[in-house]
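Enquirer: here are the coordinates; sequence isn't available:
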């Protein structure tokens, strides 16, 4: 084998190896991204499912909606909301609170609790997972015969694939509220 053939063979092997390494890198990056998306999605689905189950059990009427959302409705802070439910042998209010821990950078977790009267949850209650924010909006129509109410819950969870970013999940639910 001549020196020229040896140099050409080395160059071809180098080109092939660069292709193999870049393909391997791309496959690993895609797998890591898919895994982090799945983790964020599973966390969001679990939290939304919990909220949806309680929202379906919500009880209220045209005067008292059975929902307390932030300080405007008498809650201790704007990071808490409660839904009055009707579960046999359980307290009447399902509450949710976002509590920030002292980590650097700080993390925010959503906690849930059952209370006899509406109140904020504490960090010893059930931790549903890390969130960036939760927004509860509701609209109602109290016209007799056309009474409706909708929960719009938007949940933002940290995007583990892109630190500092978040993913948003939303659901809308119309529970049969006027049963008090």
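Expert: Yes, it's here. All values reported here derive from a predicted model rather than from experimental measurement. Numbering: from 1, shown residues only.

Enquirer: make it CA atoms for all contacts and neighbour counts henceforth
Expert: Will do.

Enquirer: which SS class is the residue sitting nearest the centre point of the chain?
Expert: Centroid-nearest residue in the chain: residue 44, 3.5 Å away (criterion: CA atoms, centre = their mean). What DSSP: H, G, I helix; E, B strand; the rest coil gives for residue 44 is helix.

Enquirer: Hmm, residue 158 and it touching each other?
Expert: No. In this structure residue 44 lies outside contact range of residue 158 using CA atoms under 8 Å: 9.8 Å.

Enquirer: Quick one: residues contacting the residue nearest to the centre of the chain.
Expert: By CA atoms under 8 Å, 6 or more residues apart in numbering, the residues touching residue 44 are 155-157, 169.

Enquirer: Any regions of this structure where pLDDT drops low?
Expert: Within the chain, the segments meeting pLDDT under 70 span 1, 18-21, 23-39, 61-63, 87-91, 138-151, 160-161, 173-180.

Enquirer: just the strands in it please.
Expert: Counting by DSSP state E, one finds strands in the chain at the ranges 67-69, 80-84, 93-100, 108-115, 126-130, 133-141, 148-158, 166-173.

Enquirer: tell me which residues form a beta bridge with the nearest residue to residue 129 once chain neighbours are set aside?
Expert: Excluding the flanking residues, the one nearest residue 129 by CA to CA, 6 or more residues apart in numbering is residue 109, at 5.5 Å. Counting by DSSP bridges, residue 109 is bridged to residue 99, residue 130.

Enquirer: Distance of residue 109 relative to residue 124?
Expert: To residue 124, residue 109 is 12 Å away according to CA to CA, to the nearest Å.

Enquirer: what's the answer for residue 51, then?
Expert: Counting by CA to CA, the separation of residue 51 from residue 124 is 19 Å.

Enquirer: do the same with residue 17
Expert: Residue 17 is 54 Å from residue 124, where distance means CA to CA.

Enquirer: Return the set of residues that bridge with residue 156.
Expert: Beta-bridge partners for residue 156, by DSSP bridges, are residue 133, residue 168.

Enquirer: Could you report the separation of it from residue 47?
Expert: 11 Å.

Enquirer: same thing with residue 123?
Expert: Distance of residue 123 to residue 47, computed by CA to CA: 16 Å.

Enquirer: the more surrounded of the two?
Expert: More neighbours surround residue 47 than the other of residue 123 and residue 47, with 20 against 15 (other CA atoms under 10 Å).

Enquirer: OK, contacts around that one?
Expert: 128-129.

Enquirer: switch the cut-off to 7 Å
Expert: residue 128 (CA atoms under 7 Å, 6 or more residues apart in numbering).
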